[in-house]
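S.K.: Need the 3D shape of this:
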Amino acid sequence: MSVDANRDRVAEQAGALLDACRKGAATDELALPLIKAAYSGEPHEAHLVSRALFGIVAEGLSDAFEPGLCDVYARLFARVFATGVEELSEEELVARSQRIRRPRTLKDVPDPVETIYVLSRVSLGADVAVTSTVVDAAKKRFPEAQVCFVGPLKNWELFAGDTAVKHVRMEYPQSGDLRQKLSMWAELRSKLSRSDAIVIDPDSRLTQLGLLPVCPEERYFFFESRSYGGEGDDSLYVLTERWLEETFAVAAKPYVALRPPAGGNESFYLTASLGVGGNLRKRVADPFERRLVEMLVARDRKLIVDMGAGGEEQARVQAATSALTRSGKDIHTHPGSFASFAALIKDSALYAGYDSAGQHVAAVSGVPALTVFAGYPSLRMFHRWRPVGNGPIEIVRVSDPSPDVVSEQVSRAMARLLG
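M.R.: Below is the predicted model:
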């Protein structure tokens with residue numbers, strides 16, 4: 001069987017499992033072959049199946065933001081993890097997931113509390129919209145304690161300018177197979193299991209959305225963002241602040257603290273990103289991206305476009321900007337880290353891009369933002385992830401994916417933001 005055919009077969013199997021989960025149907029017949037293959041000795045097969053289990057099934061259950069599917073996720077992935085780790089019990093993982101979701105307050109925690117570990121959500125945008133608010137709450141509620149951000153280096157760079165927060169580096173194997181994802185669990189647990197610390201988990205991939213225990217349960221606070229808020233349409237910004245108020249009795253706000261300090265003057269340039277975090281469903285088809293760049297440079301200001309992580313995104317940026325650059329337009333591409341681009345966003349007159357991390361940096365920084373929101377699998381996901389901030393925000397919610405239609409919507413939104 002060819003590589004493409006094998007990948008398509010695995011994706012089809014994972015899609016069938018996701019559909020069964022959503023419908024409340026029996027899943028054993030569909031799940032067990034995938035779980036077995038994920039732990040198989042054949043590396044390529046294990047990698048394909050692991051990607052499908054996380055990228056199709058886990059994300060599909062999470063992105064719906066349906067409270068009932070949180071239990072489905074817990075039951076299914078408790079089996080996935082317990083199959084590969086002898087010391088884990090499927091039944092206990094499920095029971096624990098029910099316990100940690102119950103409302104708690106700080107009164108339940110024994111003294112002392114000298115260290116606060118806040119877990120990264122691994123996604124850059126989620127760490128701005130959600131995790132940063134948790135960090136802010138931890139600093140305010142525990143002013144004498146050491147607050148630690150636990151996560152990848154590229155995520156930490158968004159907060160590296162905050163001298164009140166320490167970094168505990170944990171690199172999540174985003175593209176790794178199931179065994180690689182589980183291999184970091186023991187290291188994470190050894191770092192966090194301290195008798196003088198508490199752990200705040202904002203639905204982190206480091207713990208596989210709270211399923212993997214990393215510290216004594218009485219010192220663990222879990223914000224299950226997929227069910228909190230129920231059937232309402234509040235954004236994750238609002239829900240995170242509400243949960244922190246209920247749990248720690250403190251008002252907190254999202255933020256970024258970039259190092260070194262951003263320079264420049266916001267009247268001089270605009271910023272844009274064509275990044276979609278690897279999810280091409282968020283894109284609008286060609287020639288939309290070229291038209292977006294054309295609309296921005298027509299404002300007679302310097303435009304800085306992020307090059308992203310390279311590969312497919314870099315090729316799209318080059319395709320959208322190269323002709324205009326050759327014609328003498330003031331377009332610059334940014335090849336550096338996301339944190340360095342975030343610093344440019346903070347000082348710009350406008351940020352434009354798809355639903356991705358840049359929109360959240362702009363939102364929490366009060367920078368006028370134009371977001372093109374396409375490819376969302378559920379309306380509630382749109383409501384949960386829409387950017388919220390003090391500055392003006394225009395969201396183009398794509399219902400008709402025609403490049404002509406979206407370009408016209410973006411043109412009108414840009415006029416409202418820039419005049």
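
S.K.: What distance do you get for Y220 to F159?
M.R.: Applying Cβ to Cβ, to the nearest Å, the value for Y220 to F159 is 22 Å. C-beta coordinates here come from the backbone N, C-alpha and C atoms, glycine included.

S.K.: okay, those two: which has more neighbours?
M.R.: Set side by side, Y220 and F159 show unequal neighbour counts under other Cβ atoms under 10 Å, the larger going to F159 at 26 against 22.

S.K.: Quick check, that one in contact with V147.
M.R.: No. Contact criterion Cβ atoms under 8 Å: F159 and V147 do not qualify, at 10.0 Å.

S.K.: Spit out the residues that contact those two alike.
M.R.: The overlap between the contact sets of F159 and V147 (Cβ atoms under 8 Å, 6 or more residues apart in numbering) consists of V135, V165.

S.K.: Name the nearest residue to L209, sequence neighbours excluded.
M.R.: Here the nearest residue to L209 in space, its sequence neighbours aside, is D203; by Cβ to Cβ, 6 or more residues apart in numbering that works out to 5.4 Å.

S.K.: Check whether the one you found sits in a helix, strand or coil.
M.R.: Taken by DSSP: H, G, I helix; E, B strand; the rest coil, the conformation at D203 corresponds to coil.

S.K.: Would you map the strands across the stretch 251-400 of the chain?
M.R.: Ranges of strands within the stretch 251-400 of the chain are 269-273, 302-306, 331-334, 351-354, 369-373, 393-397, based on DSSP state E, counting those that start in this stretch.

S.K.: Paired strands for the third one, with orientation please.
M.R.: In other words, strand 331-334. Under the criterion DSSP bridges, strand 331-334 sits next to strand 302-306 (parallel) in its sheet.

S.K.: What of the first one?
M.R.: Its sheet considered, strand 269-273 pairs with strand 302-306 (parallel), strand 351-354 (parallel) by DSSP bridges.

S.K.: Between those, which one is closest to R326.
M.R.: The closest of the strands paired with strand 269-273 to R326 is strand 302-306. By Cβ to Cβ, the value is 14.7 Å.

S.K.: just how off-centre is the closest one within its chain?
M.R.: Going by Cα atoms, centre = their mean, to the nearest Å, the spacing between the C-alpha centre of strand 302-306 and its chain's C-alpha centre is 23 Å.

S.K.: State the mean pLDDT of it.
M.R.: Confidence over strand 302-306 (mean pLDDT, whole number) is 96.

S.K.: follow-up on the earlier one: looking at the strands paired with strand 269-273, which is nearest to T321?
M.R.: Using Cβ to Cβ, the nearest of the strands paired with strand 269-273 to T321 is strand 302-306, at 5.9 Å.

S.K.: May I ask which helix or strand encompasses the nearest residue to W156 once chain neighbours are set aside?
M.R.: Computed as Cβ to Cβ, 6+ apart, the closest residue to W156 that is not its neighbour in sequence is H167, at 4.5 Å. Taking DSSP states H and E as the criterion, H167 maps to strand 165-169.

S.K.: Only the buried residues of the helix or strand that that strand is followed by, if you could.
M.R.: Elements were assigned by DSSP H and E; along the chain past strand 165-169, the next helix or strand is helix 178-192. Of the residues in helix 178-192, L178, R179, K181, L182, M184, W185, L188, K191, L192 count as buried by neighbour count, 16 or more other Cβ atoms under 10 Å.

S.K.: Tell me which residues touch the first one, please.
M.R.: Contact criterion Cβ under 8 Å, 6+ apart gives A38, Y39, A46, V49, S50, L53, V80, G84 as the residues in contact with L178.
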